[in-house]
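Chemist: Need the 3D shape of this:
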Amino acid sequence: QVQLVESGGGLVQAGDSLRLSCAASEGTISGYAMGWFRQAPGKEREFVARITWIGGATVYADSVKGRFTISRANARNTVTLQMNSLKPEDTAVYYCAADPRSGNSARYWGQGTQVTVSS
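Modeler: Residues are numbered from 1 along each chain as shown. Sure thing, here's the model as predicted:
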């Protein structure tokens with residue numbers, strides 16, 4: 001069992017940066033690919049970024065490519081999402097996930113953290 005806790009969300013202006021963190025409060029993220037997803041009001045949850053356990057290979061949604069960076073620190077049991085050049089359309093609840101799978105599903109989810117970008 002892995003329990004994930006996100007932090008770092010908030011209200012910022014367009015063009016600002018935010019850094020989201022995800023920590024395993026119970027269990028470990030070792031051995032799992034990790035991902036970030038987001039869900040805006042009235043919309044379905046969507047994939048944002050993913051990082052593998054071995055090699056740290058990353059994949060990004062086209063909408064965030066070049067602006068967001070996912071990274072992990074296995075020794076600290078944490079994953080981060082550095083978000084730069086934020087846009088109002090990035091406003092959503094952001095979720096950390098362990099072992100992300102197709103269909104925007106994952107084995108374990110965090111509770112989410114709100115990111116609001118004002119124009």
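Chemist: Using the three-state scheme, assign the spatially most central residue of the chain.
Modeler: Nearest to the mean C-alpha position of the chain, by C-alpha atoms, centre = their mean, lies Trp36 at 2.7 Å. With DSSP: H, G, I helix; E, B strand; the rest coil as the basis, Trp36 sits in strand.
Chemist: what about the nearest residue to it once chain neighbours are set aside, neighbour count?
Modeler: Among residues not flanking Trp36 along the chain, Val48 sits closest, at 4.3 Å (C-beta to C-beta, 6 or more residues apart in numbering). C-betas here are computed from N, CA, C, even on glycine. Neighbour count for Val48, taken as other C-beta atoms under 10 Å: 24.
Chemist: just for this structure, where's the confidence low?
Modeler: Low-confidence segments of the chain, defined by pLDDT under 70, are absent.
Chemist: now do 90
Modeler: Applying pLDDT under 90 to the chain picks out residues 54-55, 74-76, 102-104.
Chemist: Quickly find the element holding the closest residue to Arg107 other than its chain neighbours.
Modeler: Leaving aside its chain neighbours, Arg107 sits nearest to Asp99 (3.8 Å; criterion: C-beta to C-beta, 6+ apart). Here Asp99 sits within strand 92-101, counting by DSSP states H and E.
Chemist: so after that strand, what's the next helix or strand?
Modeler: Using DSSP H and E, the first helix or strand after strand 92-101 is strand 105-109.
Chemist: What pairs with that next one, parallel or antiparallel?
Modeler: strand 92-101 (antiparallel) (DSSP bridges).
Chemist: how distant is the partner strand from the center of its chain?
Modeler: 6 Å (C-alpha atoms, centre = their mean, to the nearest Å).
Chemist: Same question for stretch 10-26.
Modeler: 9 Å.
Chemist: And the strands in this protein, which stretches?
Modeler: Counting by DSSP state E, the chain has strands at residues 3-7, 10-13, 18-26, 34-39, 46-51, 58-60, 68-73, 78-83, 92-101, 105-109, 113-118.
Chemist: Paired strands for the last one, with orientation please.
Modeler: Paired strands of strand 113-118, with direction, are strand 10-13 (parallel), strand 92-101 (antiparallel) (DSSP bridges).
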